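Visitor: just the structure for this:
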Amino acid sequence: MRLLTSFLPKFSRIGFGLLSALLIAASAIAAPAPKVLKKVPPEFPSAAAKKGITSGTVKAQLTIAADGKVTDVAILEASPPKIFDRAVIDALMEWRFEGSGEKRTHEMTLVFNE
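Guide: As a prediction, this is how the structure comes out:
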């Protein structure tokens, strides 16, 4: 019995460490990107060109309905701020994805170069 009780604490520490490693690994695996069926490129805003802005990036979060239609676009980050936001929202609202049967979100970064 002494052998069994001395074995259990070592096993539980090993088991807990393994479980922790698996949970960390599982959380690091991102959901696969949804399959794009229709892309609409954003237009380079004339206001950006007038201000001499030739490039920028926008990180956006899309809400995708069960049927694959984009129902909402939220701007998460933009550089320069607010210059490309409307162009990104207008374009991404026209995108279509393969339906998954459930609502989901997806983040993407768009890069502008004139």
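
Visitor: for this structure, what spans make up the helices?
Guide: Listed in chain order, the helices found in the chain under DSSP state H are 2-28, 46-50, 85-92.

Visitor: and those, which one's lowest on average pLDDT?
Guide: When the helices of the chain are ranked by mean pLDDT, helix 2-28 comes last with a mean of 40.

Visitor: nearest residue to I75 other than its sequence neighbours?
Guide: In space, and not counting its chain neighbours, I75 is closest to D85: 5.0 Å by Cβ to Cβ, 6 or more residues apart in numbering. No exception for glycine: its C-beta is placed from N, CA and C like everyone else's.

Visitor: how many residues are close by that neighbour?
Guide: 17 (other Cβ atoms under 10 Å).

Visitor: how far away is it from T105?
Guide: Applying Cβ to Cβ, to the nearest Å, the value for D85 to T105 is 18 Å.

Visitor: go on, D67?
Guide: 15 Å.

Visitor: list the contacts of D72.
Guide: 62-63 (Cβ atoms under 8 Å, 6 or more residues apart in numbering).

Visitor: ok so, going back, the residue nearest to I75 contacts L76, doesn't it?
Guide: No - between D85 and L76 there is no contact under Cβ atoms under 8 Å: 10.7 Å.

Visitor: what do these two both touch?
Guide: With Cβ under 8 Å, 6+ apart, D85 and L76 have no common neighbours.

Visitor: who does the closest residue to E77 other than its chain neighbours bridge with?
Guide: Residue nearest to E77 in three dimensions, not counting chain neighbours: K59, with 4.2 Å by Cβ to Cβ, 6+ apart. Beta-bridge pairing for K59 (DSSP bridges): E77, T109.

Visitor: K59 contacts T109, doesn't it?
Guide: Yes - in this structure K59 lies within contact range of T109 using Cβ under 8 Å: 4.7 Å.

Visitor: and the spatially most central residue of the chain, what does it touch?
Guide: Centre of the chain computed as the mean C-alpha position; nearest residue by Cα atoms, centre = their mean is E107, 2.6 Å away. By Cβ under 8 Å, 6+ apart, the residues touching E107 are 59-62, 76.

Visitor: quick check: I53 vs K39, distance?
Guide: For I53, the distance to K39 - Cβ to Cβ - is 23 Å.
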